[in-house]
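Enquirer: Pasted the sequence and its predicted model underneath.
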Amino acid sequence: MMDDKQLALDMRYLRMARIWAENSYCERRKVGALIVKDKRIIADGYNGTPVGFENICEDESGQTKQYVLHAEANAITKLASSTNDSSGATVYVTDAPCIECAKLIIQSHMRRVVYSTEYRLRDGIELLQRAGIQVDYLPLED
Ligand SMILES: [Zn+2]
């Protein structure tokens, strides 16, 4: 059960993730993710192209390029070059994780996922739940 204090904290991190998403130069969709462990943000990410690539996410036809990294993937790969450990961490992400990010979240031994916007596909959420990860949908009121 979530208490009021935890709920207030969750809403605060989700709002921070939403603000962080503003860093994204992608036009179709801006997604932000924060990885929190012991009330400390240990990694952050937003969707975008890999390091060294042009800061343009969409191709000429307006489609998202295949090599654009999702916010969760960017946050998780940041951990690879840090001393932080994501075991037992919570990921706060503006949009429901896709199946590719769900796999990364599972392999990173995270305990919980909190998101505020539903995605048309549910396979990512279902995979997370199947792996025993707590998934909480918390819509943000504007
Ligand atoms: Zn994803």
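Expert: Yes, it's here.
Enquirer: Now do the strands in this structure.
Expert: In the chain, the segments counted as strands under DSSP state E are 32-37, 40-46, 90-95, 112-117, 134-137.
Enquirer: Kindly reformat the ones you listed as JSON lines and extend each row with mean pLDDT, distance to Tyr25 and mean neighbour count.
Expert: Every C-beta, even on glycine, is put in place using the N, C-alpha and C of the backbone. Converted to JSON lines, the strands of the chain look like this (pLDDT from 0 to 100; distance: least, Cβ to Cβ, whole Å; neighbours: other Cβ atoms under 10 Å):
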{"stretch": "strand 32-37", "mean pLDDT": "98", "distance to Tyr25": "13", "mean neighbour count": "24"}
{"stretch": "strand 40-46", "mean pLDDT": "97", "distance to Tyr25": "9", "mean neighbour count": "19"}
{"stretch": "strand 90-95", "mean pLDDT": "98", "distance to Tyr25": "16", "mean neighbour count": "26"}
{"stretch": "strand 112-117", "mean pLDDT": "97", "distance to Tyr25": "19", "mean neighbour count": "21"}
{"stretch": "strand 134-137", "mean pLDDT": "98", "distance to Tyr25": "27", "mean neighbour count": "15"}
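Enquirer: So which of those is nearest the ion?
Expert: The minimum distance between the ion and these falls on strand 90-95, with 8.2 Å, by Cβ to the ion.
Enquirer: Residues contacting that closest one, please?
Expert: Contacts of strand 90-95 from elsewhere in the structure, counted by Cβ atoms under 8 Å, 6 or more residues apart in numbering, are 10, 13-14, 16-18, 21, 29-37, 71-72, 75, 97, 105, 110-117, 119.
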